[in-house]
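*Asks:* I would like the atomic coordinates for the input below:
(chains A and B)
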Protein chains: 2
Amino acid sequence: MGKVRFGIVGMGNQGTHYANLFGDGKIKDAELTAVCDGSEARLADLKSAFPKLHCYLNPVSMMEDGKVDAIIVSTPHAFHTSIVKECLRRNLHVVCDKPAGVYAKEVREMNELAAKTPVKFTMMFNQRTNCIYKKMREMVLGGELGQLQRVAWVITDWFRTQAYYNARNWRATWKGEGGGVLINQCPHQLDLLQWVIGEMPKSVRAFCHYGKWHDIEVEDDVTAYFEYENGATGTFITTTGEAPGTNRFEISGSKGKLLCENDNLFFYKNERDALDVSKNSDKGFDIPEFEKIEVETDGENLQHAGVLSNFARAILGKEALWIDGAEGIKGVELMNAIMLSGWKDGQKVNIPVNEDEYLKILKQKQALSRVKTGVEEKVEDVSVTYKKKKS
Amino acid sequence: MGKVRFGIVGMGNQGTHYANLFGDGKIKDAELTAVCDGSEARLADLKSAFPKLHCYLNPVSMMEDGKVDAIIVSTPHAFHTSIVKECLRRNLHVVCDKPAGVYAKEVREMNELAAKTPVKFTMMFNQRTNCIYKKMREMVLGGELGQLQRVAWVITDWFRTQAYYNARNWRATWKGEGGGVLINQCPHQLDLLQWVIGEMPKSVRAFCHYGKWHDIEVEDDVTAYFEYENGATGTFITTTGEAPGTNRFEISGSKGKLLCENDNLFFYKNERDALDVSKNSDKGFDIPEFEKIEVETDGENLQHAGVLSNFARAILGKEALWIDGAEGIKGVELMNAIMLSGWKDGQKVNIPVNEDEYLKILKQKQALSRVKTGVEEKVEDVSVTYKKKKS
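*Replies:* Below you'll find the predicted structure:
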C-alpha cells in the first residue's frame, strides 16, 4: 500500500473539514478517494467539484466497493457505533469522530468487536495533540503537582443560537443526539478531563437544565461535581447559553496549581508541599512560598491533520498509533454519569455507570422525543468557531 | 457626647486589631475606653501597656460600669448573639463581628430585639467598603449585566495549618464554632455573595468534607451549588487545605460578564444582549462582540476603620449608618443552608432554611463534639493574612 485510501461517512460541517484537509495535502501518506452522505444534492455538489471522488448514498456500499482502506465516521453521533462496527466487520481501518457513541453500552460492544479485529481503530481526540493539554498530563502524571486536591473546568464558551439548533433535525433531541451540550460540544473536554488527570472520578453529582436558554428538549446548562478515589473533588460547568463564556481549567495539588486559561498555561509551584506544611508547621498562618511559572510546551498542535496522518502512518506500519479507539468509552461514560445524575435530580451516580439503567431512561426520553420537521440542511459556516476553539 | 466611648469584648486576634485602630487614631469621633477578655493574663498585659484602659473579665460588668457608650463584640462567634443581646437590653450601641451568629434562629431573635431598641446596631462587614465589591453591586443592581445567568466564587486561598486549629480550644469544633471554613473564614464572602447580587439563592445543594485536610471535626472543603429565583445558577467553592489557592468571583449575565480576580475588576461588555442574539439571530454561529473593560472604581477601601468611624458618627447623628446589623442574618442563613445540605448528603435545601431542623442537627453534633484540652492561647501573628486578604 502506497497511500492509505480514505473514505468519509457524513459530509456535514465536520466531514467537509476533513475533506478539505485531504484536499489541502495536510494528511501524510493518505488520499481521500470516497465520500458518503445521505443527501443526493450534497453528493452532486461534491462530485461536480471533485470528479474523481467516489460518492455513495449508503455507507455499506462504500465499505464494500473496494475503493477505501480506511473510513472516517463523521455522522451524527447516534450512528457512530453502528457504522464503526460495520467497518470493523469488514476489516476496514476506522476513525470515529467524537463522541464514541451516545451511551457506554454501545461503545463497550464496539470496543469488544474492535479488540477482535486486526485493523487500526482510533478516536478523533484531536485536542490530545494540543501541546498545552499534553504538557498538563505530563506534569500531573509525573507527580509535579503532588497529591491531587481539586479539578475545576469551567467551559461556558460554547454559545449557540436558536438558529443553530433549528438547522439540523437531529440536533438537541433525545432521539437524534441523546443529549445536548454534554454530548455535542463537550466530548473533547470530557475526554481531556480524564486523560489529563489520568483517572476517572469515582462518583458524580450533577445539575442539568433542559432547554433553559433555547427551545430544545435536552440540556444546555450543566454543573457537575466529582469525587475521585483519593478524595480529591472536581467541578465541570458548561453551557451554550452564555457569551462571552469562560474556558478555565485548573488542577490543584499539594505541590502546586496548574492553570490553563486563554491558551496559556501557568504553574504555581510551591517551594514546600502544602499538605506537609499544613501537617507539620508550628505556625498557624504558615503557607508555602510559590513561584508563578509560565509553562513552556513543545508548541505542537497538530489537531485533526495530525491524528489522521498518524492514523495513516500507523496503518502503514510507519509509527505507533497515538490514540487507542477503545479509550472513547471514558468520555462517554463520564457524560453518561453526569446525564444520569441530572435525570435523577442530582443523586450520586457511581462510575462505571449502570449501563442498563442509563439505556432504559434514555429510551424513555427518545420515545417522547420531539421530531423537528421542515429543516433544510446546509453546511454551516463554522469558521468563527474553529478560530476560537480549535475544536 | 463628644466622642463615642467604645469597649471591646474579646481581645483575641481581631479584638487586638480593633484596639490598634483606636490606638493609631484611625477611628474618627471615637475613643477606646474599655476592654473585656476572659484571660486575666491578657488583661494584665493590656493594663500595663495602656494604664487608662478599663479592663473587665465579664462583659456584663463592662456594660454596667458606665464607661462605654458602644461595644464591639469580637468573641468566638458562638457568643455573638448572646452578648449583642445583653448590649441591646442595656441600650448600648453594638458592633457585631462576623458572623452574626452560628445559626439563623439565634440571629433572628437578636434582630427582633434590635428592632425594638433605639440604639445603633451594625455588623462588621468591612468588605462591603471595598470599592471593587461596591462597584460590582452597583453594576449588577444597575442592570449593566442584563439578565443574571451564573454566579461563581472560588475562594480557596484560606490555607490554614494544623497548628492554627490547635491554637484555640474552640476552633473547628461543633461546640465552639458550629462549623469550619464556612463559619470562620467565609462569612465575608457569604455576605458579599448575596449583597453584590442583591438576592439570596432560593435553594442550595452542597458537598462538604469534614476534617479532610486537617485533624478537625468540622468542614474544611466545600463545593456548593445554588439556584436563583430567575433560574440562574451559582457555585461557591472553598477550602482551608490548598495553597496557593484561588480567589475568583465571576458573575455572568446576558449583557456581559463581571470578573473580580487578584484585586482587579474586569467587565466583558456585550455589544448586543446575548439572550436576544440567541433567540433572534438567523445565524447558528452568531455571537455578540464584546469589549473587555478594566472597571474603574472610586478606589476607596475603608475597611474596619471605616465601618467603626461610620458607626461612631451615626451614633452622633453626623451621618447615616452604612450597614444595618439585621443584615447579618443573610450570610448566616446561606451558611446554614450549605451546611444543612452537606449534612444531608447534598439534598436540596430551600432558603429560608428550616431553622428548627438546623438547630436540632447542630445540637446533636455539639453533644458529640470533641473537647480540646491543653491549648495555651496566645495572640497570633495575623499580619500575613491581613496583607493578603484584607480580612
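*Asks:* Thought residue A:333 was touching residue A:191, still the case?
*Replies:* No. Using Cβ atoms under 8 Å, residue A:191 is not in contact with residue A:333, being 10.6 Å away. All C-beta atoms are positioned from the backbone trio N, CA, C, and that covers glycine.
*Asks:* now whatever residue of the stretch 101-250 of chain A ends up closest to chain B, nearest residue through space, not along the chain?
*Replies:* Closest to chain B within the stretch 101-250 of chain A is residue A:164: 3.3 Å, counting by Cβ to the nearest Cβ. Excluding the flanking residues, the one nearest residue A:164 by Cβ to Cβ, 6 or more residues apart in numbering or on different chains is residue B:284, at 3.3 Å.
*Asks:* Residue A:356 now?
*Replies:* residue A:105 (7.3 Å).
*Asks:* So what's the residue count around the one you found?
*Replies:* By other Cβ atoms under 10 Å in any protein chain shown, the residues close to residue A:105 number 20.
*Asks:* contacting residues for it?
*Replies:* The neighbourhood of residue A:105, defined by Cβ atoms under 8 Å, 6 or more residues apart in numbering or on different chains, consists of A:355, A:356, A:358, A:359.
*Asks:* and whichever helix or strand it is part of, how far out from the chain's middle?
*Replies:* Using DSSP states H and E, residue A:105 sits within helix A:104-116. Between the centre of helix A:104-116 and the centre of its chain there are 17 Å (Cα atoms, centre = their mean, to the nearest Å).
*Asks:* Quick check: mean pLDDT of the helix or strand that comes right after it?
*Replies:* Following helix A:104-116 in sequence order, the next helix or strand is strand A:121-123 (DSSP H and E). Regarding strand A:121-123, the rounded mean pLDDT is 98.
*Asks:* Can you name every helix or strand that strand A:121-123 contacts?
*Replies:* strand A:93-96, helix A:303-315 (3 or more Cβ pairs under 8 Å, 6 or more residues apart in numbering or on different chains; DSSP states H and E).
*Asks:* and the ones you listed as TSV, adding mean pLDDT and mean neighbour count?
*Replies:* TSV is the format used below for the helices and strands packed on strand A:121-123 (pLDDT from 0 to 100; neighbours: other Cβ atoms under 10 Å in any protein chain shown):
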stretch	mean pLDDT	mean neighbour count
strand A:93-96	98	26
helix A:303-315	98	22
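*Asks:* Which of these sits closest to chain B?
*Replies:* If we rank these by Cβ to the nearest Cβ, the stretch that ends up nearest is helix A:303-315, at 18.3 Å.
*Asks:* can you list contacts of that closest one?
*Replies:* A:1, A:3-4, A:6, A:17-18, A:21, A:26-30, A:69-70, A:72, A:93, A:95, A:120, A:122, A:124-127, A:129-130, A:300, A:302, A:319-323, A:390.
*Asks:* could you flag which of these are buried?
*Replies:* With neighbours counted by 16 or more other Cβ atoms under 10 Å in any protein chain shown, the contacts of helix A:303-315 contain buried members at A:4, A:6, A:17-18, A:21, A:26-30, A:69-70, A:72, A:93, A:95, A:120, A:122, A:124-127, A:129-130, A:302, A:321-323.
*Asks:* Next, check those against the strands and list the overlap.
*Replies:* Taking DSSP state E, the ones among those that sit in strands are A:4, A:6, A:30, A:70, A:72, A:93, A:95, A:122.
*Asks:* Tell me what the first one is bridged to.
*Replies:* So that's residue A:4. Applying DSSP bridges to residue A:4 gives these bridge partners: residue A:30.
*Asks:* now swap in the last one and tell me
*Replies:* When bridges are assigned using DSSP bridges, the partners listed for residue A:122 are residue A:95.
*Asks:* Would you mind confirming that it is in contact with residue A:326?
*Replies:* No. Contact criterion Cβ under 8 Å: residue A:122 and residue A:326 do not qualify, at 9.7 Å.
*Asks:* so which strand or helix has residue A:14?
*Replies:* helix A:13-23.
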